[in-house]
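S.K.: 3D, please:
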Amino acid sequence: MSRAAVIVRYMVAVLALAAASACTPIYNYHGFIPAPDDLEEIQVGLDTRSTVEAIIGKPGASGLLAEGAWYYVRSEFKHDTFRAPEEIDRQVVAISFDEDGVVENVERFGLERGQVVALERRVTDSNIEGVSFLRQLFGNTGTLNNIRNAFN
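M.R.: Numbers count the residues shown, from 1 in each chain. Next up is the predicted model:
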């Protein structure tokens with residue numbers, strides 16, 4: 001085989017690899033949610049804001065601090081080569097506190113078919129105050145899908 005034929009084969013192989021890798025989706029994660037083991041350390045009715053901060057930290061810029069609760073939010077996005085990014089998963093951990101700053105509820109929410117679903121709940125009270133806020137937080141998922149569909 002001539003040297004030119006070897007170079008052509010090499011270039012074809014490199015181009016084929018580049019084309020195949022361009023079609024591979026890229027997954028990005030935004031935000032932070034505490035690990036389940038860390039959440040197990042939080043005792044409902046005993047721990048306070050300061051002990052929760054020591055165990056898992058305060059929510060950062062991607063989470064939310066509300067008067068009565070801390071929300072940790074993590075989203076997963078799938079990026080295809082020629083399509084708009086698609087949010088494929090969102091999880092929220094909500095830790096609510098009573099007026100004395102003691103942990104009242106520890107809840108973990110996710111999305112299933114665009115609906116908010118409680119994945120785990122440790123509650124001292126049957127009244128869930130933060131659900132309407134979570135519906136607003138998860139509610140923009142449909143908007144993202146509508147925007148994505150407009151570009152496809």
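S.K.: going forward, measure contacts and count neighbours with C-alpha atoms only.
M.R.: OK.
S.K.: wait, doesn't residue 59 sit right on residue 74?
M.R.: No - here residue 59 lies out of contact with residue 74, judged by CA atoms under 8 Å, at a distance of 10.9 Å.
S.K.: now list whatever residues contact both of those two.
M.R.: Contact criterion CA atoms under 8 Å, 6 or more residues apart in numbering; residues bridging residue 59 and residue 74 by contacting each: residue 32.
S.K.: what bridges to residue 91?
M.R.: residue 74 (DSSP bridges).
S.K.: count of neighbours near it?
M.R.: Neighbour count of residue 91, defined by other CA atoms under 10 Å: 22.
S.K.: quick one, grab the pLDDT at it.
M.R.: The confidence metric pLDDT takes the value 86 at residue 91.
S.K.: pull the contacting residues for it.
M.R.: 33, 73, 74, 75, 108, 109, 110, 111.
S.K.: most surrounded residue in the residues you listed?
M.R.: Counting by other CA under 10 Å, top hit in the contacts of residue 91: residue 73 with 25 neighbours.
S.K.: just give the number of residues close to the residue nearest to it when sequence neighbours are not counted.
M.R.: Sequence neighbours aside, residue 92 is the residue nearest to residue 73 in space, at 4.6 Å (criterion: CA to CA, 6 or more residues apart in numbering). Applying other CA under 10 Å, we find 26 residues neighbouring residue 92.
S.K.: just the one 5 residues further on next, same as before
M.R.: Counted with other CA under 10 Å, residues neighbouring residue 97 total 22.
S.K.: now it: phi and psi?
M.R.: phi -120, psi 150 (degrees, to the nearest 10).
S.K.: now do the SS call for the closest residue to it other than its chain neighbours.
M.R.: Among residues not flanking residue 97 along the chain, residue 103 sits closest, at 4.5 Å (CA to CA, 6+ apart). Of the three states, residue 103 takes strand under DSSP: H, G, I helix; E, B strand; the rest coil.
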